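[1] fold the following.
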Amino acid sequence: MSQNTIDCFASCAKSTEDLLQSELHTLGIHHTKLHVAGVSFVTTREKLYEACFSSRIANQIYLKLDERKIENADELYQVLYEIPWHSLFAVDKTFKVEVTGKHRAFNNMQYAAQKAKDAVADKFRNECEARPNINLESPEIIISLHFHRGSVSVYLSATGESLHRRGYRVEQGRAPLKETLAAAIVYRSGWQTLLIENSHPVLIDPMCGSGTLLIEAAMIAYGVLPNIHRENFSFMHWLDYDQALFESVKRNALDMMEKNSHQFSEQGKKDIHIIGYDSDPYVIDKAKENIAAIGLENKISIAVQDISKLDRYDLSDLPDDAQGIILTNPPYGERLYHQQENKLKALFNTFSDQLLSHFQDWKLCVFSGFKETTKSLSLRSYKQNKLFNGAIETVLYHINIDPQSKMRFESAAEKEKRHIEQAINEDDKHLSFKNRLNKNVTQLRKWAKQNEIECYRLYDADIPEFSVAVDLYNNHVHVQEYQAEKYVDHNAAEKRLKQILYHIHHTLDIPYKNIHLKTRKKQAGKAQYHKLDAQKTYHVVRENEALFYVNFNDYLDTGLFLDHRKIRQIVAKASKGKALLNLFSYTCTASVHAALAGAKRITNVDMSRTYLDWGKRNFELNKLSLGKKYEFIESDCIGWLKENHQQYDVIFLDPPTFSNSKKMQETLDVQRDHALLIDLAMRSLKENGILYFSNNYRKFTLDENLMKKYHCQNIDKVCLSRDFLRRPNIHHCWEIKHKSS
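    All right, here's what the predicted structure looks like:
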C-alpha cells in the first residue's frame, strides 16, 4: 500500500448515502462519489484511520484493491491470484471472503467465495510456502468481493467488524436499530440544526426501547466519538499498519471530543435535554445499562411511562421557551406487533391526542415501516425520508405538531392537491419550469387570440428534467408525461410531475380538476388509440370557426391533433366547392373545417366506428346535417381504396405511424407502406386534384419513385404552427399532384 492516496469505499444503509458523504467531507475527505448503499472516495491512510474511528454512518470501510470485467470462475481466480496478498497481510493472520452482488457466471455465491479463497491460499503457498487459515466467526482479515454489471471489485475491509457495533449495547430489545441507522435517523430529524439554533434543545423518545436513538442523539450533541470503545480494527492486521499514525489520529479525535464536551458543560451556552420513556420496565432497565456503558447517564433522563401519559407540563425542569423534537421508532410490522395492529393503532390515536394537547409547535419524527398504524396518528407529514432497517423498507415521517397538521377526511382530489402543494417545497429546481412556462404563456397568448385559437401547445419538454407536453384547451389543460428513461429515479420523476401540475395551476389559473394527466409511452400498433378509461366526458372547444368535442380521460389522445391545425386549414381551403376524401379520418376534424368552408361532398373513411361516431357528433355540433353529402365509411383504407371507383378533387391522407388492428389482414407501417397508400389514393384523385399526405413518423423519408411518378412538394414549413416550432419534425406534409395536371 502506498503512502500516497488510496481508493476506498464506505458502505451504509440505503438512502443514507448523502449523510455519509457529508460526514466524510467534514472529516476532510472531499474526493467522493455516491453509490447505492455507499460512497467511494480517494484519501490518505491517515484519513482512512480517522474515518474508521469517527464515522457514525458507515457500516464498513474498505480499501479497494482491484476492479475488472470477468466472464467466468477462472477469470475471477486469476484476478484474485494476481493481487500480492503476501504484501498486504501476514500468513499467520486468519481471513474470510464475503461476496455481494450478482454475476451470471455464479448461480451460487458460495462458489465464488470458494474460488477466491483458493486464489488467496495458492498465492500465499507459492510465495511463502504456507497458507493462512480461514476463520468465519472472527477473522483478522476480511476480503470482500462485489459483483456488478459483469465486473468484480475486490476490497480489503479496514474496519473488520461492522462499525454499527459501537460497544455500548450491553442489552437490547427484540427489534433493535443498528446504531449507524439510528445516527442517520437522528441527523434526518433535524436534531443537529436544533442544537445549533436553540438555547434549550430538547429531544424526547416516548417509546425508547433499549435507548439507541437517545444514545446516538446524545453522542452527537456532546461530540462523543462513535467508536471510542473499539480496540480492534482490521487495518491493524495489515503489514503496513502505522501504529504511531493511528495513535496520533486517535489522540487528535479525543482532543476534539473533549473540546466539544466543554462546549456543553455547565459553563457552556447550551441547556440540552434528552429524555426517554417506555412502558416496559424491563426494557428501561436495559436502556439504562446501555446508557451507562457509554458514560452518558448524566446526559440522558429515562423513566417508565406509557405514551398516553406523555405531558409537556410534567417535564418540570424544562424552560418555558424550550422547543424540541419528539423522535421515536415505535414497534411495527411482523417483528413485534404481528396480529396486534388494533393495539398499535389505538396506541397511536392516544399518542396523537397527547401531542396536540401538550406539544404545540414542536416537531414529531416517527420512524416506522408500518404505514397503516402511522396513519392512526391522524397527523399529516410534510416530508418523508425512505430508509431501510435491514431488508425492511421504512419511512421517517416529519410532522409539525399543530392543528393544521391534523388530518381530516379528504377526497382523492384534495389528497392529490395536498401532495402537489407539498412537493413544491422540496427543492428549487422547479423554478426553471415555472419561468419557462411563464415565458411561453406571454409569447403565445396574444398570438392565439389574434388567430382565434383556444387550443394550443404551451410547453413541450423545453427543459429535459421536466419532460412533459402541456396543451391548453380553453379552460382545460392536457398534460402528457413522456415516459422516463429507466435510469431516472421514479421518486424524483414523481416529484417533478407534482411540481409541474402546481405551476400549471397557478400560472394559468386553471383548477386542478381541469388538469388532465397522461403518460405517453413509445407507441406500437393500435396502442395510440387504446382506451384508457370510460368516463365518456366530452368538452367543446373552438378552432377558428369550428367547434369540436374533445375527451381528456378515455383515450391517450383527445380527439383533436393540435399539430395538424394548419394542414386542416389548407385542406379546408382547397376543398371549397369540391369533393374531399378524408382517409384515416379519425374524428373528422379536417372534414368539419372543409364542410364549413363549402365542400360540396365529403367522404370519411376509418376502421374505427368509435371515431366515426365521434366525427358525426362533430358535424352535428357545427349544425352540419348528416346525409348523402357527408359519408362516414367504416373500413380498412387500403381495402376501400382498392375497391373504390369514385373520383375526388382533394384527398387528405393521414395514416398512423404503425397499426396492427385486428380489422386489418396485415400490419400498416407508414415508412414501408406509404408508396402503396399514395399510389392507391392517386387512383381516386382527379387529374387536376390535390393529395395532401401527412404523417407523424419523425424519421420519415418519401419514396424516390413517388417523386418520379408525381409532382411532390414538401410543405412541412407551411404546416408548422408557431406553438410547435420547438419540434419542427413533429410531422411531415406533402402536396402531391398528377404530372399531367
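
[2] any idea how far residue 564 is from residue 31?
    Using C-beta to C-beta, to the nearest Å, we find residue 31 at a distance of 54 Å from residue 564. To be clear about C-beta, it is placed using only N, CA and C from the backbone, and glycine gets the same treatment.

[3] sorry, wrong one. I was asking about residue 400.
    Taking C-beta to C-beta as the measure, residue 400 falls 50 Å from residue 564.

[4] looking at the two, which is more packed in?
    residue 564 (22 against 16; other C-beta atoms under 10 Å).

[5] now do the SS call for that one.
    Under DSSP: H, G, I helix; E, B strand; the rest coil, the three-state class of residue 564 is helix.

[6] that one against residue 731, yeah?
    Yes - counting by C-beta atoms under 8 Å, residue 731 is a contact partner of residue 564 at 7.1 Å.

[7] can you tell me which residues contact residue 426?
    Residue 426 makes contact with 383, 495 under the criterion C-beta atoms under 8 Å, 6 or more residues apart in numbering.

[8] which residues does the helix or strand hosting residue 687 contact?
    In this structure, residue 687 is located in strand 685-695 according to DSSP states H and E. Outside strand 685-695, the residues within contact range by C-beta under 8 Å, 6+ apart are 564, 567, 570-571, 574, 647-655, 657, 670, 674, 678, 681-682, 719, 731-738, 740-741.

[9] likewise for stretch 81-90?
    With C-beta under 8 Å, 6+ apart as the criterion, stretch 81-90 contacts 1, 65-66, 95, 119-120, 122-124, 127-128, 132, 140-141, 154, 156, 237-239.

[10] circling back: give me the buried subset of the contacts of strand 685-695.
    564, 567, 570-571, 574, 648-655, 657, 670, 674, 678, 681-682, 719, 731-738 (16 or more other C-beta atoms under 10 Å).

[11] residue 685: neighbour count?
    Residue 685 sits with 23 neighbouring residues when counted by other C-beta under 10 Å.

[12] now do it, the pLDDT please.
    With respect to pLDDT, residue 685 scores 97.

[13] what sits against residue 420?
    Per C-beta under 8 Å, 6+ apart, neighbours of residue 420: 498, 499, 501, 502, 505, 512.

[14] contact partners of stretch 129-137?
    89-96, 117, 120-122, 124-125, 141.

[15] go on, stretch 163-180?
    Stretch 163-180 is contacted from outside by 12-13, 16, 52, 55-61, 162, 181, 185, 209-210, 212-213, 215-216, 226-227, 229-230, 283, 285-287, 289-291, 293-294, 329, 331, 335-336, 389-390, using C-beta under 8 Å, 6+ apart.

[16] one more pass at 7 Å, please.
    12-13, 55-60, 209-210, 212, 215-216, 226-227, 229-230, 283, 286, 289-290, 293-294, 329, 331, 335-336, 389 (C-beta atoms under 7 Å, 6 or more residues apart in numbering).

[17] in strands only, show me these.
    60, 389 (DSSP state E).

[18] and the contacts of stretch 163-180, which are buried?
    Among the contacts of stretch 163-180, those buried by neighbour count (16+ other C-beta under 10 Å) are 12-13, 55-60, 209-210, 212, 215-216, 226-227, 230, 283, 286, 289-290, 293-294, 329, 331, 389.

[19] list the contacts for the nearest residue to residue 606 once chain neighbours are set aside?
    Excluding the flanking residues, the one nearest residue 606 by C-beta to C-beta, 6 or more residues apart in numbering is residue 585, at 4.7 Å. By C-beta under 7 Å, 6+ apart, residue 585 lies in contact with 591, 604, 605, 606, 615.

[20] what about the last one, how many neighbours?
    Burial of residue 615, expressed as a neighbour count using other C-beta under 10 Å, amounts to 27.

[21] what sits against it?
    So residue 615 contacts 585, 587, 588, 591, 604, 632 (C-beta under 7 Å, 6+ apart).

[22] the last one and residue 606 touch, don't they?
    No - counting by C-beta atoms under 7 Å, residue 632 stays clear of residue 606, with 8.1 Å between them.

[23] first-to-last residue distance for stretch 43-61?
    End-to-end span of stretch 43-61 (C-alpha to C-alpha, to the nearest Å): 12 Å.

[24] any weak-confidence spans in the stretch 351-500 of the chain?
    Within the stretch 351-500 of the chain, the ranges that satisfy pLDDT under 70 run 371-374, 407-411, 486.

[25] now residue 513: closest residue in space that isn't a chain neighbour?
    residue 413 (6.3 Å).

[26] now do the buried residues in the host helix or strand of the one you found.
    Residue 413 belongs to helix 412-423 when elements are defined using DSSP H and E. Neighbour counts using 16+ other C-beta under 10 Å place 416, 417, 420, 422, 423 of helix 412-423 among the buried residues.

[27] need the next SSE after that helix, C-terminal direction.
    Later in the chain than helix 412-423, the nearest helix or strand by DSSP H and E is helix 431-450.

[28] may I see the buried residues of that following helix?
    433, 434, 436, 437, 440, 441, 444, 448.

[29] ranges for the strands of the stretch 551-700 of the chain?
    579-583, 601-606, 630-634, 648-653, 658-659, 668-669, 685-695 (DSSP state E, counting those that start in this stretch).

[30] report the distance from the last one to the chain centre.
    Relative to the mean C-alpha coordinate of its chain, strand 685-695 is positioned 48 Å out (C-alpha atoms, centre = their mean, to the nearest Å).

[31] report the angle between it and strand 648-653.
    Here strand 685-695 points in a direction 20 degrees away from that of strand 648-653 (axes from the mean of the first three to the mean of the last three C-alpha atoms, to 10 degrees).

[32] strand 685-695 pairs with which strands?
    In the sheet, strand 685-695 lines up against strand 648-653 (parallel), strand 732-738 (antiparallel) (DSSP bridges).

[33] keeping just the C-alphas, turn that strand into PDB.
    The C-alpha coordinates for strand 685-695 follow below in PDB (Å, rounded to 0.1, in the frame of the first residue of the first chain):
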ATOM      1  CA  LEU A 685     -57.700  11.600 -57.400                       C
ATOM      2  CA  LYS A 686     -58.900  13.600 -60.400                       C
ATOM      3  CA  GLU A 687     -56.400  14.700 -63.000                       C
ATOM      4  CA  ASN A 688     -56.200  18.200 -61.600                       C
ATOM      5  CA  GLY A 689     -56.800  17.200 -58.000                       C
ATOM      6  CA  ILE A 690     -54.500  17.600 -54.900                       C
ATOM      7  CA  LEU A 691     -53.500  14.900 -52.400                       C
ATOM      8  CA  TYR A 692     -52.300  16.100 -49.000                       C
ATOM      9  CA  PHE A 693     -50.200  13.400 -47.400                       C
ATOM     10  CA  SER A 694     -49.300  13.800 -43.700                       C
ATOM     11  CA  ASN A 695     -47.700  11.600 -41.100                       C
END
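
[34] now do the buried residues in it.
    Buried, per 16+ other C-beta under 10 Å, within strand 685-695: 685, 689, 690, 691, 692, 693, 694, 695.

[35] now, which of the residues you listed sits nearest residue 429?
    residue 695 (36.3 Å; C-beta to C-beta).

[36] hey, what's the closest one bridged with?
    Here residue 695, judged by DSSP bridges, has bridge partners residue 732.

[37] quickly name whichever of the contacts of stretch 129-137 is closest to residue 452.
    Nearest to residue 452 among the contacts of stretch 129-137, with distances taken as C-beta to C-beta, is residue 96, at 77.7 Å.

[38] ok, now how distant is that closest one from residue 113?
    Applying C-beta to C-beta to residue 96 and residue 113 gives a distance of 8 Å.

[39] likewise residue 626?
    77 Å.

[40] compare neighbour counts for those two and give me the winner.
    More neighbours surround residue 113 than the other of residue 626 and residue 113, with 17 against 11 (other C-beta under 10 Å).
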